[in-house]
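Undergrad: give the three-dimensional model of this entry:
(2 chains)
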There are 2 protein chains.
Amino acid sequence: MNTPLKIGIAGLGTVGAGVIKILQTNEAQISARSGRDIIVTVVSARDRNKDRGVNLGGLKWFDDAAKLADQDDVDIVLELIGGSEGVAKSLTENALSNGKHVVTANKALIAHHGTALAMIAEQKDVCLAFEAAVAGGIPIIKALRDGLAANKIKRLYGIMNGTCNYILTNMAESGRSFEDVLDEAQKLCYAETDPSFDVDGVDTAHKLAILASIAFGTEVDFESVYTEGIRKVSPIDIQLAERLGYGIKLLGVAKQTQNGIEQRVHPCMVPINSPINHVSGVFNGVVVDGDFVDSTIYEGRGAGAGPTASAVIADIIDIARGLRIPAFGVPAGSLAKPQTVAMSEHLGPYYVRLMVVDAPGVFAEVAGCLRDHNVSMESVLQQSRDLGEPVPVVMTVHETKESDMLNTLNDIANIEAVVEYPTMIRIQTFQN
Amino acid sequence: MNTPLKIGIAGLGTVGAGVIKILQTNEAQISARSGRDIIVTVVSARDRNKDRGVNLGGLKWFDDAAKLADQDDVDIVLELIGGSEGVAKSLTENALSNGKHVVTANKALIAHHGTALAMIAEQKDVCLAFEAAVAGGIPIIKALRDGLAANKIKRLYGIMNGTCNYILTNMAESGRSFEDVLDEAQKLCYAETDPSFDVDGVDTAHKLAILASIAFGTEVDFESVYTEGIRKVSPIDIQLAERLGYGIKLLGVAKQTQNGIEQRVHPCMVPINSPINHVSGVFNGVVVDGDFVDSTIYEGRGAGAGPTASAVIADIIDIARGLRIPAFGVPAGSLAKPQTVAMSEHLGPYYVRLMVVDAPGVFAEVAGCLRDHNVSMESVLQQSRDLGEPVPVVMTVHETKESDMLNTLNDIANIEAVVEYPTMIRIQTFQN
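TA: Numbering: from 1, shown residues only, chains lettered A, B, ... in the order given. You can find the predicted model right below:
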């Protein structure tokens, strides 16, 4: 057996405590799989007196996490503080610079600084690993980086935020509004007090940018991710989508197109029988399309102490086994500058809902707007006919350029009988 | 860049040709990910003149695959011959003994001789890798061995044979008989001329034994797998299962129970809304339950040149990157002798279909048989009432020991009004 591998944990929230719990519970097996013992030597957190449900006896304790970067009895720093700047960033930089491996669950940090941090790691011949940063317990980083490494990845998409998926699943099942369900999710602790990182799509965008980098061999490019959350998804659209054979999910989609890489996060209509539509509640699911392997699908819990700590420890075991794979699958210095495609260039089918009075009379005007921008209608559905009252009219249109779609919506909004700005949801099929 | 890694390929069927095609098509990217070039130097196959759709120019050719075991210009032998004995086995043994890595897609070989072969590999400090042996393009071996390594695996189950899943999916959609759909599958080349390895469950059993070894840290124990195929699945049972809220799938299930490890392959009724029931056609799907990660699910194509070769090359890239993980996750010498549980001890719910004449009169007798063996009925369904003609009566029973169930069926079969031996299908829920 080799010498033990010594761990310093910065941050003892649910994930940090979860890591200690798993290392204690499954100690013998983790040692056997690692080929050496894994021992926690040092921890750091703000409150020494908090009961975390795990035994911290005998561990060296620092109030200042920054100190973990240069301890002799730490081989791997677990950065579980969070946030893209501040202590999380400086600790990671310093630990790597001091020749220590860093394992992190911090998607914001990797989304913003992943390429630069990977550079430091490689200069020092240590690992920067972040399986836990994307999709919790699902080993999606390893699947992309190792399991599918023979393939050119054509596209990946997925549900990477359990809070949003819980809310959308619940809205679909109960017919309730976004606000109602968010409120409940907050009470159940499925959503934060300030839910904006989740429901506005930022969290998904972080994760998408990380996966896209590994998939396409490009620098992490969070800034280019088009991001739109789920606040505007309404029960009526969920209901109408269902009638058309679709579910509504918040997807992150990254795609290699002829003009460059498209990265986008927004509510999507997905075919009701597609695997991604079956991913419900707090579960996450990611679909990866490779040129030879075709579609592969990964599902599991995207958050929580157990699943996230499971991913953190998988990275530790990798390091214990001697694995030295560049953070993004290829050396950071050889990651290409991503050529990105603006969202206005996106091509795909769309769902549009208008609220109109006097629907029959308005069809010709709407059709004219579509024609003016070369938008081709696929179907139209008028749910009810209540003269005088606004009624929903729903259209789906064939593959259209986003900018043409937006211009069309602007024109439609100017029709007198259209009483509010049209609602638009992008449709994600197996093709686009 | 390190020195190139030299590959010798034994067997140029669809997978061997697929490997060459991917290595040529994605050459630059595979080199970047591997940190070195991967070059095929030697090949071996029976027919030199066959057009395989790939360029074999400049490659050394041996008619006798055994020669690949001791070539100086071969670092990795790809064993793509197949079969658990003969050339495949001796080539693998000799190549490992000569200090060459072996990558194989041969599930029969690993199911029968995996532990012994892993011992040789470890003595010589080389890799034995077989990602392609289970579930084709899905990186399930790496998920179990690496991604979920922090967990005690409680259970895994899956659809690991695309032929059977194609047949069952098609039977469910069309209402046709097993024989009809098998015939069509053979014409479409989804089933072999001799389909017995697939439809009798042997292929699934091979794969299950391999996954169970990694999951539970035990020696590969193919001999203990209870194996039952899909020949007896009939359209009427598929139809009735659907009415009860179930689909029928051929599953391989491996489970750690209090009394030891249960390994079984047989048709299962699974809840119609469960993720595994959504895996349709030739697709494979595997569910792994870990103690901390909870359920994770993996889906993709389980066969075909592209997906299988994708998995073979993933193993090659692992080796090129310097990965040296024991074949089954822990050193072969430390794999435990599996304590196996006989199928007669299996506990679970069951579906039973009787064909009876004069159904009302027979219920009391059937209920008596159940009572005699302490079997607790959950539901009963009589589809139609046609006095004089045999009609199906369908029951589901709560968790029951297999031996009790079989004894009950024997007793029921002796009831005069029961006109044929009862049909029994095990029910697989999320709990059992």
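Undergrad: tell me the spacing between A:K232 and A:M424.
TA: Relative to A:M424, A:K232 is positioned 10 Å away (Cβ to Cβ, to the nearest Å). Any C-beta I mention is one placed from the backbone N, CA and C, and that applies to glycine too.
Undergrad: neighbour count for those two, which is higher?
TA: A:M424 (21 against 12; other Cβ atoms under 10 Å in any protein chain shown).
Undergrad: and the contacts of the helix or strand the more buried one falls within?
TA: Element membership of A:M424 [criterion: DSSP states H and E] is strand A:423-427. Applying Cβ atoms under 8 Å, 6 or more residues apart in numbering or on different chains, the external contacts of strand A:423-427 come out as A:232-234, A:237, A:241, A:246, A:248, A:266-270, A:346, A:348-353, A:396, A:405, A:409.
Undergrad: okay, now the domains of chain A?
TA: Chain A breaks down by automatic domain parsing into domains covering A:5-133, A:140-301, A:347-427.
Undergrad: can those go into TSV with extra columns for mean pLDDT?
TA: Formatted as TSV, these follow (pLDDT from 0 to 100):
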stretch	mean pLDDT
domain A:5-133	96
domain A:140-301	96
domain A:347-427	91
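Undergrad: which of the ones you listed sits closest to B:G368?
TA: In terms of Cβ to Cβ, the element of the domains of chain A nearest to B:G368 is domain A:140-301, at 42.4 Å.
Undergrad: from start to finish, how long is the closest one in a straight line?
TA: From its first residue to its last, domain A:140-301 covers 12 Å (Cα to Cα, to the nearest Å).
Undergrad: do the same with stretch A:408-421
TA: Note: stretch A:408-421 ends 11 Å apart using Cα to Cα.
Undergrad: from A:V134, how far out is A:D194?
TA: For A:D194, the distance to A:V134 (Cβ to Cβ) stands at 22 Å.
Undergrad: which residues sit in contact with A:F283?
TA: Counting by Cβ under 8 Å, 6+ apart, A:F283 has contacts A:I159, A:G162, A:N165, A:E299, A:G300, A:R301, A:G302.
Undergrad: just name the closest of the residues you listed to A:A66, please.
TA: A:A66 lies nearest to A:G302 out of those, by Cβ to Cβ, at 29.6 Å.
Undergrad: so the closest residue to that closest one other than its chain neighbours, which state does it fall into?
TA: Leaving aside its chain neighbours, A:G302 sits nearest to A:N284 (3.2 Å; criterion: Cβ to Cβ, 6 or more residues apart in numbering or on different chains). A:N284 carries the three-state label strand when classified by DSSP: H, G, I helix; E, B strand; the rest coil.
Undergrad: what about A:N284, how many residues nearby?
TA: 27.
Undergrad: mind listing the residues bridging to it?
TA: Beta-bridge pairing of A:N284 under DSSP bridges involves A:G300.
Undergrad: could you do A:S44 as well?
TA: A:A10, A:F62.
Undergrad: check contacts around it.
TA: Applying Cβ under 8 Å, 6+ apart to A:S44 gives the contacts A:G8, A:I9, A:A10, A:G11, A:L12, A:W61, A:F62, A:D63, A:D64, A:A65, A:K67, A:L68.
Undergrad: repeat for A:G247
TA: Per Cβ under 8 Å, 6+ apart, neighbours of A:G247: A:A172, A:A241, A:M269, A:V270, A:P271, A:I272, A:N277.
Undergrad: so which of the residues you listed comes closest to chain B?
TA: Nearest to chain B out of these is A:N277 (Cβ to the nearest Cβ; 9.5 Å).
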